[in-house]
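Asker: curious how this folds, go ahead:
(chains A and B)
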Amino acid sequence: MKFVDSIRFRFAALFQRSQMNAEMEEEIRSHVQHRADDLEHSGMGRADAERRARIEFGGREKYKEEIHQAVGGNFIETCMQDLRFSLRQLRKSPGFTIAAVLTLMLAIGANAVVFGVMNGLVLRPLNVAQSESLYGTQYGNNPTWQSYPNYRDLRDRNRSFEDLAGFNFAFVGFDTGRDPIAATGFATTGNYFDVLRIHPYLGRFFHASDEHGPNSAPYVVLTYAYWHSRFQDDRDVVGRTVRLDQHPFTVIGVAPPGFQGTLMFVSPDFFMPVLNEGQLGAWYPNDRSNSGGLFETFGHLKQGVTPAQAMADVDAVGLSLEKTYPKEIAHKHTNLDRVGLTSFGPPVRAFVVGLMMLASLILLAACANLGSLFAARAADRSREVALRLALGSSRTRILRQLLTEAILISFGGGVLGLVGSFALLRRLSTWQPMPSVPIHLPVTPDAKLYVFALVMALVSGFLFGIVPVRQVLRANPYEIVKAGSSGRIGRRLTVRDILLVVQIAICAVLVTSSMVAVRGLVRSLHSNFGFEPRNTMTAAVNLAMADYSIEKVPAMQRRMIDAMAAIHGVEAVGMVNAYPPLVYASASRRNVFKDETSDLKPANAAIAPYSFDVSPGYFEAAGTSLLAGRSFAWSDDKNAPAVAVVNREFATRIFGSVTNAVGRNMKLQDGTRAQVVGVVEDGKYLGLTEAPEPAMFLAALRSPYAQSYLIVRSKRDPQQLAEAMRNKLRELDAGLPVDIQTWTSLLGTVLLPSWLATMALGVMGLMGAMLSITGIFGMAAYAVSKRMRELGIRMALGAKRKEVLQAALGRPLKLLAFGSAAGLLLGLLGTKVLAYIVYQATPKDPLVMAGVVLAMLVLGLLATWIPAQRALAVNPMILLRDE
Amino acid sequence: MNDQAQLLPGTLDLLILRAVSLGPLHGYGILLRIGQISANALLIEQGALYPGLFRLVRQGLLKASWGTSENNRRAKFYELTVAGRKRLQEETDSWNRLAGAIAAALSQQPEEV
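Answerer: Alright, predicted model coming up:
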């Protein structure tokens, strides 16, 4: 009760201050009048009496202040005063203020962006109800992917999930009646929406009860975004028939606005039952060994079941399935993960955490930078502080005022940084790095971000604000006022020196890591892919989108290849089924057995190379060099004996050497006996970081597949070539959607992570460089301004330019050298960490070392240039007259 | 003036309570009353009175109201509240105990220790 009263009183006192002031004023006037009356009685003139009375009363303002203090309500008042005073102080030194605010803005902005990404990708759960109990499985013989029969068994036999749903991708030609456009959808199990517990925005969803075997549920559910962009929010769309790859499907509903599928960074256009995927191309609901059946399965864990228990349960089901179907399944350990990132989870998390660490380094460097700026400022103001102390101001008051300044700056920097990061995140969330895949980064800023940035800003403000505290507490007003402004020039190591070294070291770490990253990227771009992506155009053609039956596929593909070869300036043409190496990280492995193996169960496989089905001419078009034997010919079709081309790694591992391999036989999973007819060079197939992997090429003619890439090698201008290719393909079939790109741009996908990492590190390195410039500049400028008088005397006594410079800038440069060395060392040690997110990050790179040393040197020169000019421009006469 | 004693910290409040206990007074009146009851032995700067007055009002020991003084001027009059009277009694007792103890201690002769 008392406490509440006290609070009320304080606020009342604050808000009624003007009223209180008037009352106080009147009371004091009354007092003075009464006193004057008395004095007048004793014979004084009225005017004299009143003056005398006023003097006797004492310091009116002081007592008014004391009264305010006595009744409380003073704290907020004092804060407001501090605020006004600080603002005035900051306005008086705009250079300092701008530098400090900008420094902090960069640091807070960088942290907020990284936090935004982390928040969007890692912290924020999927936008569905009870997402905390939603877990996805990776199970089967391939991480993530699994066959449909396996899914069905897992769904029915596990005891951990309430229900299990799954989805796959469907890349289709989506035709609303006028215009077939390629669209990306999720082909899901019937219970998908029920497992997720979401409800349609319009119409209805499909359910498990709609599934009556393959191709029984030709239904489409649109995502809200696709409904909005493709159907212009047309509510009558429900019930309409659309064509997916020429097959009629009925639109039955629209998903709610916030729902963008169960993958964080891919937003599909529509959902369809996976059982109908057979209509759209090769999908084998009954083939247990086809692991491409479903991309991921997931479900809510039952009440009380831990993820570990569920993993053990799924493992048990997997092992028993392996026992039942040894030919089709080789079970690997199950991993359960939160739905949304699936198998991308660990690398994404590692990447984001790495970024977060770098961003906090930036913040730390900025804090060190600002700390030394504030310390220098406090030292400069020691006279002012001393005077205020001497005039009776309390130390707490002075400290509070310094801290207010720091917090003002941190607040300003924080708000600016937040605004910048907001804009950047907005851009990121609408960013489409790959035109053919609806990648979507869910990094829209939310309240958590604001809180994070503000807390960050205030904490850092407090951190650098307390740096000069010791200085103030120690200050002896008498000494400082007596000593004058030049003060003592400390030769010992000060807090500022240490802060500067720390800051430069951190910045050097950032510069080092960004250089390592850039070098890594450059090197991985120039590493040997096993093919030559330059001067190569690709055309993605899915004949299923124009409803070619599988029997018609080989002839049409042959016609396309011939048409491409007829284009003027084309040197070679080939074709690869599904995707070319490295594109969309889609390379798959196939089991290969020794010729003498008769029991073809997966466990007996001799090797599991990456496998591609290619046409004649592929190696020439791709620029893959043939080491021995021959490549494919048009005669290697279904009627001829099976032949294979393997790479060097395959040949040496299985047959001992390249020359040994040609002419030898092996067995494939389906029992086919294939003869090795050629050996090609090694290459990269799934990712750029991989070690040399075995690979095998089979004749595409033997296993027709509707989805393929045409590879066209030509030195012609890509734009013209693409146009010519498009025209030729249109002549063959006008209704066939094609996607023509250079192979290099297709590789953007596989390079995207490392490109992103390099960009991020590059930006961080740049920020580090900027911070070290401001840090060194601040220190050098301060050192010069402090020693102006000494420098003047030196010059008057005939010191040479070099000596003056040495005296003025020797120390900052020494600190710079020391900090850079430390940073370089730390940075090189840190590349081990970097290697997780950057390809080919190696510390043993003389170019990187030289680059860092050079960069820090240039930064040092840049930062000390202006102070050096100032030191050299010292005019001893003017300076000495000044003092 | 030199024989006036400096006020001990905290004693001004006690003196104000005592002065007001004899009847409602305005600020200047309180000052005069203190001078009167202490035989002008205490040095109080006039303005120093007011923070104390506001504090006592805030603590609920005094209540204030505007009125007209004997000089026919508008003035703020202070009077004791019940709590103020109680506090005055307590403070007086404890002051007396303290003063007695100090006085006794100081009046001891060396041989008596």
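Asker: strands along the stretch 501-650 of chain A, start to end?
Answerer: For the stretch 501-650 of chain A, the strands defined by DSSP state E, counting those that start in this stretch cover A:536-542, A:570-577, A:588-589, A:592-594, A:610-614, A:626-629, A:643-647.
Asker: of those, which is nearest A:Lys786?
Answerer: strand A:536-542 (63.2 Å; Cβ to Cβ). C-beta coordinates here come from the backbone N, C-alpha and C atoms, glycine included.
Asker: which residues are in contact with that closest one?
Answerer: A:171, A:173, A:245, A:281, A:436, A:560, A:564, A:580, A:621-623, A:706-714, A:718, A:721-722, A:725, A:729, A:736-744, A:746 (Cβ atoms under 8 Å, 6 or more residues apart in numbering or on different chains).
Asker: thinking again about what came up before, can the strands of the stretch 501-650 of chain A go into JSON lines with extra columns for mean neighbour count and mean pLDDT?
Answerer: Listed next are the strands of the stretch 501-650 of chain A as JSON lines, based on neighbours: other Cβ atoms under 10 Å in any protein chain shown; pLDDT from 0 to 100:
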{"stretch": "strand A:536-542", "mean neighbour count": "24", "mean pLDDT": "89"}
{"stretch": "strand A:570-577", "mean neighbour count": "22", "mean pLDDT": "93"}
{"stretch": "strand A:588-589", "mean neighbour count": "18", "mean pLDDT": "81"}
{"stretch": "strand A:592-594", "mean neighbour count": "19", "mean pLDDT": "91"}
{"stretch": "strand A:610-614", "mean neighbour count": "22", "mean pLDDT": "93"}
{"stretch": "strand A:626-629", "mean neighbour count": "18", "mean pLDDT": "92"}
{"stretch": "strand A:643-647", "mean neighbour count": "27", "mean pLDDT": "94"}
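Asker: ok, back up a step: mind checking which of the contacts of strand A:536-542 land in helices?
Answerer: A:560, A:564, A:621-622, A:718, A:721-722, A:725, A:729, A:743-744, A:746 (DSSP state H).
Asker: at the geometric centre of chain B, which residue do we find?
Answerer: Central residue of chain B (Cα atoms, centre = their mean): B:Leu15, 0.9 Å from the mean position.
Asker: what's near enough to touch A:Glu803?
Answerer: A:Arg794.
Asker: my bad, A:Leu721
Answerer: A:Leu721 touches A:537, A:567, A:569-570, A:712, A:714, counting by Cβ under 8 Å, 6+ apart.
Asker: and what of A:Val469?
Answerer: A:399, A:402.
Asker: and it, how far from A:Thr404?
Answerer: Noted for A:Val469: a distance of 13 Å to A:Thr404, by Cβ to Cβ, to the nearest Å.
Asker: and what of A:Met767?
Answerer: Distance from A:Met767 to A:Thr404, by Cβ to Cβ: 27 Å.
Asker: those two - which one has more neighbours?
Answerer: A:Met767 (25 against 22; other Cβ atoms under 10 Å in any protein chain shown).
Asker: pretty sure the more buried one contacts A:Ile108?
Answerer: No - taking contacts as Cβ atoms under 8 Å, A:Met767 lies outside contact range of A:Ile108: 11.4 Å.
Asker: show me what contacts the closest residue in space to A:Lys302 that isn't next to it in sequence?
Answerer: Leaving aside its sequence neighbours, A:Lys302 sits nearest to A:Glu162 (Cβ to Cβ, 6 or more residues apart in numbering or on different chains; 5.5 Å). Counting by Cβ under 8 Å, 6+ apart, A:Glu162 touches A:195, A:299-302.
Asker: need the pLDDT of residue 38.
Answerer: Using chain A here. Looking at A:Asp38, its pLDDT reads 87.
Asker: try chain B instead
Answerer: For B:Ser38, pLDDT reads 83.
Asker: with A:Gly484 instead?
Answerer: Value for A:Gly484, per-residue pLDDT: 51.
Asker: next one: A:Pro442
Answerer: 69.
Asker: pull out the buried positions in stretch A:424-432.
Answerer: A:424-425, A:428-429 (16 or more other Cβ atoms under 10 Å in any protein chain shown).
Asker: let me fix that, I meant to ask about stretch A:811-831.
Answerer: A:811-813, A:815-817, A:819-824, A:827-828, A:830-831.
Asker: send the alpha carbons of that stretch over as PDB?
Answerer: This file holds the C-alpha atoms of stretch A:811-831, laid out as PDB (Å, rounded to 0.1, in the frame of the first residue of the first chain):
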ATOM      1  CA  ARG A 811      52.100   3.800 -31.300                       C
ATOM      2  CA  PRO A 812      48.900   3.300 -33.300                       C
ATOM      3  CA  LEU A 813      50.800   1.600 -36.000                       C
ATOM      4  CA  LYS A 814      52.600  -0.600 -33.600                       C
ATOM      5  CA  LEU A 815      49.200  -1.600 -32.100                       C
ATOM      6  CA  LEU A 816      47.900  -2.200 -35.600                       C
ATOM      7  CA  ALA A 817      50.700  -4.500 -36.400                       C
ATOM      8  CA  PHE A 818      50.300  -6.400 -33.200                       C
ATOM      9  CA  GLY A 819      46.600  -6.700 -33.600                       C
ATOM     10  CA  SER A 820      46.800  -7.800 -37.200                       C
ATOM     11  CA  ALA A 821      49.300 -10.500 -36.400                       C
ATOM     12  CA  ALA A 822      47.100 -11.800 -33.600                       C
ATOM     13  CA  GLY A 823      44.100 -11.700 -35.900                       C
ATOM     14  CA  LEU A 824      45.800 -13.400 -38.800                       C
ATOM     15  CA  LEU A 825      46.900 -16.200 -36.500                       C
ATOM     16  CA  LEU A 826      43.400 -16.600 -35.000                       C
ATOM     17  CA  GLY A 827      41.800 -16.300 -38.400                       C
ATOM     18  CA  LEU A 828      44.000 -19.100 -39.800                       C
ATOM     19  CA  LEU A 829      43.200 -21.300 -36.800                       C
ATOM     20  CA  GLY A 830      39.500 -20.400 -37.400                       C
ATOM     21  CA  THR A 831      39.500 -21.700 -41.000                       C
END
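Asker: what is the mean pLDDT for that stretch?
Answerer: For stretch A:811-831, the mean confidence score works out to 78.
Asker: circling back to that earlier point, residues touching the closest residue to the residue nearest to the centre of chain B other than its chain neighbours, list them.
Answerer: Spatial nearest neighbour of B:Leu15, chain neighbours left out: B:Ile34 (5.2 Å); criterion: Cβ to Cβ, 6+ apart. Neighbouring residues of B:Ile34 by Cβ under 8 Å, 6+ apart: B:15-16, B:18-19, B:42, B:44.
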